[in-house]
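With the input below, show me the fold.
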Amino acid sequence: MRIAVKEKVSYGVGAVGKDMVYAFVSGFLMYYYNTVLGISATFIGLLFMVARIFDAVNDPFMGIVVEKTRTRFGKFRPWLMIGTLVNALVLYAMYSVPSGLEGNSLLIYISVAYILWGMTYTVMDIPYWSMIPAITEPGKDRENISVIARSCAGVGFAIPTALTLVLVPILGGEDERLGFSRVAICICIIFIVTISFTVKNVKEKFESKEKALTVKQMFVSLFRNDQAIVVVIAIIFFNASLYLTNQLAIYFFKYDIGNVALFGLFATVGGAVQILSMVSLPLIRKKFECKKILIGAIMTTLVGYAMLFILGTLNIQNIILLCIAAVIIFFGFGLATVLTTIFLADTVDYGEWKNGQRNESIVFSLQTFVVKLASAISVLIAGVGLDLIKLDQNAAVQTASTLGGLRVIMIVLPMVGLIVSIFFFTSKYKLTEVRMDEIVSDLKARREEVGNDQ
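Numbering: from 1, shown residues only. As a prediction, this is how the structure comes out:
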């Protein structure tokens, strides 16, 4: 059963607003808390790590809640809408810290707000990505909608990354706190509108006819899906590496490159290339298998990282060279992001074939779990790292040792993580395209047999 163009577009539109929110938080919340509010980077790093681990542990339970949901609107859309509305309110509160708060009161406020944001984002994020295997079958349709969703997510991620530091002074004048608050309002509105579009037009097609499993049965089924476990472990290393760079990029451009304005240009070029790389996947797929494309994508990103390290070390502010580095890094990153989504969706069918249970939401809750775990690891390293290298927010020029440490944390460590992720994945992932064709054929035969028996 093929998915209509309207549904593909509607599904992608939701990713725009969803990832605008994520980019605004992952790219600027540490800066907002640290530079605007003056909170210790180590405290922020520890807060982010604890909150995301706590939230990540909740993800499989949210997946179970979704799996057990039975409504006339399906099991995904009700939670998608509820999570969006609540998360938008929390996002606004998180970037609208009352000016009178200070000391412990301030720390408590930002801690509670951040923990609530992560929990409510989970309520929306898990059902969104879990819909892919519920509205498509393995093959061209699934790859296309994954490309559309990730490309639109790339657009959403690029918009705040490129425009936040431009819009903050425009909307807030000299009051940076006010500027961030007003940018948050704009993003909240876009978030609600885009997700509403998805909820209205996208409906699941492959509904489970089986009796809902107990929590224990779901977890047993999940951990028997060895290929899903392989994918999510690889995602941990992959995302932790890239998130670490994302957390520190603004510091890198401000203090190492010496021109924070270039950060916006770097992010804009990178975001545009990331989207183009995602869109190009169907063309590349005509010549190469997904697994080989992933290897090439990671290798490409490593080359871009090496170039960025050299530019920082030599203090080269050449716009063209920085943009070339952005092109190389984000082209590989874009391809790898789509491919991991496709691989994870395929493990849903593998799980049904092996264990007799699809469990879309449980499998994709692992994705949000590991993304948050990876993010927790990266923010802890970033927060503690900034204090260890003794980065001085008030100094116009940093010491050579500080800048060297910044490059190691932001570039060298992520390179190591990417190398580990690709070696692990290529040695453990066994679902080749031929194998998936066999699994899909077998599943269709089983479903037809069950239908005939009924």
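
quick one: secondary structure of Phe288?
coil (DSSP: H, G, I helix; E, B strand; the rest coil).

change the start of the numbering to 611 and stick with it
All right, first residue 611 from here; so that's Phe898.

Ramachandran coordinates for it?
Dihedral pair for Phe898: phi -130, psi 150, per degrees, to the nearest 10.

Tell me how far it lies from Ser890.
12 Å (C-beta to C-beta, to the nearest Å). Heads up, the C-betas are built off the backbone N, CA and C, glycines and all.

So if I had to pick from the two, which one is more boxed in?
Ser890 (16 against 12; other C-beta atoms under 10 Å).

Identify the residues contacting the host helix or strand of the more buried one?
According to DSSP states H and E, Ser890 maps onto helix 871-895. For helix 871-895, contacts defined as C-beta atoms under 8 Å, 6 or more residues apart in numbering pick out 750, 753-754, 757, 760-761, 764-765, 767-769, 771-773, 775-776, 859-860, 863-864, 903, 927, 929, 932-933, 935-937, 939-945, 947-949.

Just the buried ones among these, please.
753-754, 757, 760-761, 764-765, 767-769, 771-773, 775, 859-860, 863-864, 903, 932-933, 935-937, 939-945, 947-949 (16 or more other C-beta atoms under 10 Å).

what helix or strand is Leu690 on?
helix 687-704.

low pLDDT regions in this protein?
Applying pLDDT under 70 to the chain flags residues 611, 666, 748-749, 815-832, 968-972, 974-978, 1060-1064.

need the longest helix for it.
Secondary structure of the chain per DSSP state H: the longest helix is helix 929-965.

Now the residue nearest the centre of the chain: which helix or strand?
Central residue of the chain (C-alpha atoms, centre = their mean): Val981, 6.4 Å from the mean position. Per DSSP H and E, Val981 falls inside helix 970-998.

does Gly914 really touch Ala935, like I thought?
Yes. Using C-beta atoms under 8 Å, Gly914 is in contact with Ala935, at 5.2 Å.

Helices of the stretch 711-860 of the chain, residue ranges please.
Secondary structure of the stretch 711-860 of the chain (DSSP state H, counting those that start in this stretch): helices at 713-740, 742-745, 750-782, 786-811, 825-834, 836-861.

so which of these gets nearest Met704?
helix 713-740 (4.3 Å; C-beta to C-beta).

List the buried residues for that closest one?
Result for helix 713-740 [16+ other C-beta under 10 Å]: buried residues 716-717, 720, 723-740.

Run through the residues that contact Val626.
Cys762, Ala763, Val765, Gly766, Ile769, Ile800, Thr804.

possible to save those as TSV with distance to Ala844?
TSV is the format used below for these (distance: C-beta to C-beta, whole Å):
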residue	distance to Ala844
Cys762	24
Ala763	19
Val765	25
Gly766	24
Ile769	28
Ile800	32
Thr804	29
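
returning to that earlier point: tell me the contacts of the residue nearest to the centre of the chain?
Residues in contact with Val981 (C-beta under 8 Å, 6+ apart) are Ile845, Asn849.

Return the distance of the residue lying closest to Ile952 once chain neighbours are set aside relative to Arg1045.
Of all residues not flanking Ile952 in the chain, Ser756 sits nearest, at 5.0 Å (C-beta to C-beta, 6 or more residues apart in numbering). Applying C-beta to C-beta, the value for Ser756 to Arg1045 is 19 Å.

more crowded one of those two?
Higher neighbour count among Ser756 and Arg1045: Ser756, with 24 against 13, using other C-beta under 10 Å.

show me the contacts for the more buried one.
Ile742, Val948, Thr951, Ile952, Ala955.

Considering the residues you listed, which possesses the most neighbours?
Val948 (29 neighbours).

quick one on the thing from earlier: relative to Leu990, which of the contacts of Ser756 is nearest.
When the contacts of Ser756 are compared against Leu990 (criterion: C-beta to C-beta), the nearest one is Thr951, at 25.7 Å.

Quickly note the distance from that closest one to Ile758.
In terms of C-beta to C-beta, Thr951 sits 11 Å off from Ile758.

before we move on, back to that, using TSV, lay out the contacts of Ser756 together with distance to Gly961.
Formatted as TSV, those follow (distance: C-beta to C-beta, whole Å):
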residue	distance to Gly961
Ile742	14
Val948	21
Thr951	16
Ile952	15
Ala955	11
